[in-house]
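> Please work out how this folds:
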Amino acid sequence: MKIGSGFGGGWLTNVAEQARRAEEAGYDFSSAPETQHDSILAATIAIANTEKMEVQTSVTIAFPRSPTVLAMEAWDLQHLSKGRFTLGLGSQVKGHNQNRFSVDWPGAPATRMKEYVQMLHAVWRSFQTGEKPDFVGRFYHFTLMTPNFNPGPIEFKRPKVGVALVGDAMARVAGEVADVVMPHGFMTDKYMREVVLPNVAIGLKRSGRTWKDIEIAGGGFTVFGETESDIEQGLNRLRQPISFYGSTRSYHEVFEVHGLKDLGMQLHEMSLQGRWGEMREVIPEDVLRVFAQTSTYDKLPEFIANNREYASRVGVALPTETPEQRERARHILKEVQKVQTPGAPRGLEDLSGVSTKVQK
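As a prediction, the model looks like this:
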């Protein structure tokens, strides 16, 4: 089991120390978000200040960027990191693409993401082998590359590509073309098992791949702590992300699986009114328990073995401010890293019976 953390809180001046601390603590990978700062810049700093830990973006927003420009950046980062870089991609929703990034939204985001990943692969093949590009899709095309603009081959495998997802269509794309399946943070274990994983299986079946050909990050809100009191505090902090992401109608499928569509619409209306500070207070206690699975640190290996049997990587945030905390974190990480999972979800181990028809 690979264990990951995140960095990028605050300005980029903090990234080097955060990344070094994560590597020293024993994390297998660390993630650069793209909320207030650029994920590629953060990943570059993290890679330059670490030696062994994998660095991934989680996630880089794809559609505002040219696939060729991003392919060049990822190629350089894969070379700089000596093969430790994973490019995590996310589509973002229509409103942010149009009104925050000022780019067109032609629809069909899942189809567009599939083409985006395929074009990345085409660009990297051209870099590695010098082959003439000949990729033409509905949204993207790549038919020109001259020696002057080709950085040439690297001695490492191409960067891994992760695809972030919430809905069923993007889950099928992730199963079909991604190296890493990256469930969105707004996820429950029930939704993961009933919607995401069955559709990932469809994508795998379509591409002729198996569960062994991909990595899956553990999905669903989790709260871990040293004590039950820590867990209670962690649950309370979940009010903010649940209310924020739950206000976006594109994510309401998660609410619907739990019969909470009305709560989603209430949050959406409050967001339109700009009542961001009040939204967290409308999340009931029982909803927190519905959304989040919990465990104390001493039971974490057992929790992951029993509840994330499909996963090969999970995120675990641990306090590392003091020497005592860092020592405790190293111990916990070593215990979790010993966990062996089969890497396939219960009931979907055999893809031979999976239909490639769309399902939710």
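
> Next up, the contacts around the residue lying closest to W11 once chain neighbours are set aside.
Residue nearest to W11 in three dimensions, not counting chain neighbours: H37, with 7.2 Å by Cβ to Cβ, 6 or more residues apart in numbering. Quick note: C-beta positions are derived from backbone N, CA and C, even for glycine. The neighbourhood of H37, defined by Cβ atoms under 8 Å, 6 or more residues apart in numbering, consists of 8, 11-12.

> Next one: H37, what pLDDT does it get?
Listed pLDDT for H37 reads 95.

> do the same with the one 4 residues further on
At L41, the model reports a pLDDT of 97.

> Relative to T13, how far out is it?
Shown here: L41 relative to T13, a distance of 11 Å by Cβ to Cβ, to the nearest Å.

> Which of these two has more residues huddled nearby?
Each of L41 and T13 has its neighbours counted (other Cβ atoms under 10 Å); L41 has more, 15 against 8.

> mind checking the SS state of the more buried one?
The local conformation at L41, judged by DSSP: H, G, I helix; E, B strand; the rest coil, is helix.

> That one and G8 touch, don't they?
No: the pair L41 / G8 is not scored as a contact, 9.6 Å apart, by Cβ atoms under 8 Å.

> Buried residues in stretch 180-191, which are they?
Of all the residues in stretch 180-191, those buried under the rule 16 or more other Cβ atoms under 10 Å are 180-189, 191.

> With just CA atoms, put it into CSV.
What follows is stretch 180-191, C-alpha atoms only, in CSV (Å, rounded to 0.1, in the frame of the first residue of the first chain):
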residue,chain,number,x,y,z
VAL,A,180,-4.2,6.1,-11.8
VAL,A,181,-7.9,6.4,-10.9
MET,A,182,-8.3,9.5,-8.6
PRO,A,183,-11.7,9.7,-7.0
HIS,A,184,-12.7,13.3,-6.2
GLY,A,185,-12.6,14.2,-2.5
PHE,A,186,-16.4,14.6,-2.5
MET,A,187,-17.0,10.9,-2.4
THR,A,188,-18.5,8.2,-0.1
ASP,A,189,-17.6,4.6,0.1
LYS,A,190,-21.2,3.6,-0.9
TYR,A,191,-21.0,5.9,-4.0
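
> Could you check how far the residue lying closest to L80 once chain neighbours are set aside is from T294?
Leaving aside its chain neighbours, L80 sits nearest to I47 (5.5 Å; criterion: Cβ to Cβ, 6+ apart). According to Cβ to Cβ, I47 stands 33 Å off from T294.

> Compare these two and say which one has the larger neighbour count.
Neighbour tally, I47 and T294, criterion other Cβ under 10 Å: the higher count belongs to I47, 22 against 19.

> Next up, the contacts around the more buried one.
55, 77, 80-81, 84-85.

> okay, among those, which ones form the most distant pair?
Within those, two members stand farthest from each other by Cβ to Cβ: V55 and L80, at 9.9 Å.

> Share the number of residues neighbouring A329, please.
A329: 24 surrounding residues under other Cβ under 10 Å.

> likewise the one 3 residues further on?
The local packing count at I332 equals 21, with neighbours defined by other Cβ under 10 Å.

> List the buried residues for the helix or strand bottoming out on mean pLDDT in the chain?
Least confident helix or strand of the chain, by mean pLDDT, DSSP states H and E, is helix 285-291 with a mean of 90. Using 16+ other Cβ under 10 Å as the test for burial, helix 285-291 gives 287-288, 290-291.

> Using PDB, write down the CA coordinates of the helix or strand following that helix.
Using DSSP states H and E, the next helix or strand after helix 285-291 towards the C-terminus is strand 292-296. Once non-C-alpha atoms are left out, strand 292-296 reads as follows in PDB (Å, rounded to 0.1, in the frame of the first residue of the first chain):
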ATOM      1  CA  ALA A 292     -17.200   9.600   6.500                       C
ATOM      2  CA  GLN A 293     -15.700   6.400   7.600                       C
ATOM      3  CA  THR A 294     -13.500   6.600  10.600                       C
ATOM      4  CA  SER A 295     -10.600   4.800  12.400                       C
ATOM      5  CA  THR A 296      -8.100   5.400  15.100                       C
END
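
> how distant is the following helix or strand past strand 292-296 from the center of its chain?
Moving toward the C-terminus from strand 292-296, the next helix or strand (DSSP H and E) is helix 300-307. The chain centroid and the centroid of helix 300-307 are separated by 20 Å under Cα atoms, centre = their mean, to the nearest Å.

> Flag every buried residue along helix 300-307.
300-301, 303-305, 307.

> Kindly spell out which helices and strands sit in contact with it.
Other helices and strands packing on helix 300-307, by 3 or more Cβ pairs under 8 Å, 6 or more residues apart in numbering; DSSP states H and E, are strand 292-296, helix 323-337.

> And the strands in the protein?
2-6, 29-32, 54-57, 60-61, 85-90, 135-136, 141-142, 160-165, 180-183, 215-216, 221-225, 292-296, 313-315 (DSSP state E).

> Those: which one's closest to E253?
Of all those, strand 160-165 comes closest under Cβ to Cβ, at 11.2 Å.

> Paired strands for that closest one, with orientation please.
If you go by DSSP bridges, strand 160-165 pairs up with strand 85-90 (parallel), strand 180-183 (parallel).
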